[in-house]
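Trainee: Have a look at this prediction, sequence included:
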Amino acid sequence: MTFTKHHFADKYSQFAEPIFYRKGIHRFLLRIIQYFKIVKKSIVVGLHIGFWLCYLVLTIVLVVLSLRGEDNNAIVAETTERVLYFTVIPSVICYYLFYFLVFPKIREKKFVLTITYALLFAIGSSLIGNLLIYIFLGLESLTEREESIMVGIAFSSFVCLATGIVALITKGFITWYEELKLKEELKQKNHEMEMALVKSQLDPHFLFNTLNNIDILILKDATEASKYLNKLSDIMRFMLFETKADKILLSKEIEYIEKYIALQKIRTANSSYVNFGITGSPNGKTIAPMVFLPFIENAFKHTTNKKLDDAITIRIAIDKEIVKFDCINKFNPNRKIRQENSGLGNTLIEKRLNLLYPEKHTLEVEKGKEQYSVRLTIVQ
């Protein structure tokens, strides 16, 4: 069977499709749905129940105080009914009118319409309360005194307005809380997407060149090409599956780097092109996946002369809780490097490091006339 770069490219395009966009967004939407269910069942319901319990307790206390010393059961019953129709029911009506209809107008910054709605709902709820008194207690309850109807409407409207303001505060708090949690969810998801994006962007930059080199090597030495193909397969497996964890063994990261360097060295006959060394033991150490590779990738991209010995020098030093990474590459200052969309810029690399190792890393970058060096120190 003859392998070509097109064969490998087709297989890769199917295998390495950005899975995180589909699965990630799906999981994100599920979390959002679950979040709103939790909020509605706990925070929202709890606030509403708590407010109305306090409202009823306060109302009962005021009624008891106003009827203190009253022995006539008929008067007690009538007063209780009057309070129910006059304040409680209008307050409930006004509360939810403010909650569902007035608050959206505030969000839309339609303040004149907000005030108009608020006054109409407060007066309207008061009128409903007086209508209930008329229906259930009779006209006499409204016309005991000449001023009683207007004073009653004004007082009831004031109570409804106060209750409506509480509804606006409650709705505002719930909305603020929802937006705060949503922002946290989005921030977390953005972090996850950035991490996935970092990993996915590393593949295409060297993959197709590697496939092309393996394709050429197949014609010269099929056995050697098979070895490199296995290395490429291991790298793809590592990138797509083993890097999902927040931390991996440092030995795995180093093994991946060695295979990456081996694949890059296919492009040159100079065996001393890359100088890679490790001091200390990586056993038992962990690290965030693919922390060092962006710097190594950039070093290969910007090193122009592959005939130089030690054109790229890479050192990883492991000492107790500290891991030091040095990457130095030589370049020709007179030769312009073609800008590519793949790969990672320093801004995104630094941002990722800040997310992964806040206050636990230092990054030093120096650009000389013919040499570019990076030193990354990570405290475990």
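Mentor: That came through fine.
Trainee: how about the strands of the stretch 201-350 of the chain, start to end?
Mentor: Ranges of strands in the stretch 201-350 of the chain, per DSSP state E, counting those that start in this stretch, are 248-249, 274-279, 286-287, 312-319, 322-330.
Trainee: What strands flank the second one, and is each parallel or antiparallel?
Mentor: What it means is strand 274-279. In the sheet, strand 274-279 lines up against strand 312-319 (parallel) (DSSP bridges).
Trainee: could you give the mean pLDDT of the longest helix along the chain?
Mentor: The helix that spans the most residues within the chain, counting by DSSP state H, is helix 148-220. Averaged across helix 148-220, pLDDT comes to 77.
Trainee: same check, this time on stretch 273-286
Mentor: Rounded mean pLDDT across stretch 273-286 is 93.
Trainee: Start the count at 516 instead of 1 going forward.
Mentor: Sure thing, new numbering starts at 516, so read that last one as stretch 788-801.
Trainee: Can you give me the buried ones in that stretch?
Mentor: Tyr788, Val789, Phe791, Ile793, Pro797, Lys800, Thr801 (16 or more other CB atoms under 10 Å). All C-beta spots, glycine's among them, are computed from the backbone N, C-alpha and C.
Trainee: Then stretch 735-742?
Mentor: Neighbour-count burial for stretch 735-742 [16+ other CB under 10 Å]: Ala740.
Trainee: Run through who's touching that stretch.
Mentor: Ile729, Leu732, Ile733 (CB atoms under 8 Å, 6 or more residues apart in numbering).
Trainee: which residue sits closest to the last one, ignoring its sequence neighbours?
Mentor: In this case it means Ile733. The spatially closest residue to Ile733, leaving aside those adjacent along the chain, is Ala740, at 4.4 Å (CB to CB, 6 or more residues apart in numbering).
Trainee: related to what we said a few turns ago, so which of the strands of the stretch 716-865 of the chain is nearest Asn588?
Mentor: With CB to CB as the measure, strand 801-802 is the member of the strands of the stretch 716-865 of the chain nearest Asn588 (77.1 Å).
Trainee: what ranges do the helices span in this protein?
Mentor: Going by DSSP H, the chain shows helices at 520-530, 534-554, 560-581, 588-598, 604-612, 618-622, 626-652, 663-735, 737-755, 765-779, 808-817, 861-871.
Trainee: need those helices in TSV with distance to Thr877, can you?
Mentor: As requested, the helices of the chain are exported to TSV (distance: least, CB to CB, whole Å):
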stretch	distance to Thr877
helix 520-530	36
helix 534-554	30
helix 560-581	47
helix 588-598	70
helix 604-612	57
helix 618-622	45
helix 626-652	52
helix 663-735	20
helix 737-755	27
helix 765-779	18
helix 808-817	14
helix 861-871	10
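Trainee: Which of those helices sits closest to Ser888?
Mentor: helix 808-817 (9.6 Å).
Trainee: Please name whichever of the strands of the stretch 716-865 of the chain is nearest to Leu577.
Mentor: strand 801-802 (64.5 Å).
Trainee: Just checking: what are the partner strands of the closest one?
Mentor: Strand 801-802 has the following sheet partners, assigned by DSSP bridges: strand 763-764 (antiparallel).
Trainee: Now do the strand it pairs with: distance to the chain's middle.
Mentor: Distance of strand 763-764 from its chain centroid, counting by CA atoms, centre = their mean, to the nearest Å, is 25 Å.
Trainee: do stretch 815-822 as well
Mentor: Here the centre of stretch 815-822 is set off from its chain's centre by 38 Å, with CA atoms, centre = their mean.
Trainee: Buried residues in it, which are they?
Mentor: Buried residues in stretch 815-822, counting neighbours by 16+ other CB under 10 Å, are found at Phe815, Lys816, Thr818, Thr819, Lys821.
Trainee: and which of those residues is nearest Phe626?
Mentor: Lys816 (56.7 Å).
Trainee: wait, isn't Tyr600 in contact with Leu642?
Mentor: No: judged on CB atoms under 8 Å, Tyr600 makes no contact with Leu642 at a distance of 11.7 Å.
Trainee: Could you check which of those two is surrounded by more residues?
Mentor: Neighbour totals were compared for Tyr600 and Leu642, and Tyr600 leads with 22 against 14 (other CB atoms under 10 Å).
Trainee: Quick check: the residue nearest to the more buried one when sequence neighbours are not counted vs Ser671, distance?
Mentor: What sits nearest to Tyr600 in space, not counting adjacent residues and going by CB to CB, 6+ apart, is Leu647, at 4.0 Å. Leu647 sits 11 Å away from Ser671, going by CB to CB, to the nearest Å.
Trainee: Leu726 now?
Mentor: Going from Leu726 to Ser671 by CB to CB gives 80 Å.
Trainee: Quick check on the two: which one has the bigger neighbour count.
Mentor: Ser671 (25 against 21).
Trainee: Relative to Val617, which of the buried residues of stretch 815-822 is nearest.
Mentor: For the buried residues of stretch 815-822, the nearest to Val617 is Lys816 (59.1 Å; CB to CB).
Trainee: what's near enough to touch Val591?
Mentor: Leu582, Glu585.
Trainee: On the pLDDT front, check it for me.
Mentor: 78.
Trainee: now do Val554
Mentor: You'll see Val554 listed with a pLDDT of 54.
Trainee: Tell me how far stretch 766-777 lies from the chain's centre.
Mentor: From the chain centre to the centre of stretch 766-777 is a distance of 31 Å (CA atoms, centre = their mean).
Trainee: Now do the buried residues in it.
Mentor: Quick answer for stretch 766-777 (16+ other CB under 10 Å): Ser766, Lys767, Glu768, Ile769, Tyr771, Ile772, Lys774, Tyr775, Ile776, Ala777.
Trainee: Over to stretch 642-652?
Mentor: Buried residues in stretch 642-652 (16+ other CB under 10 Å): Ile643, Gly644, Asn645, Leu647, Ile648, Tyr649.
Trainee: Which single one of the residues you listed is nearest to Phe566?
Mentor: Gly644 (19.0 Å).
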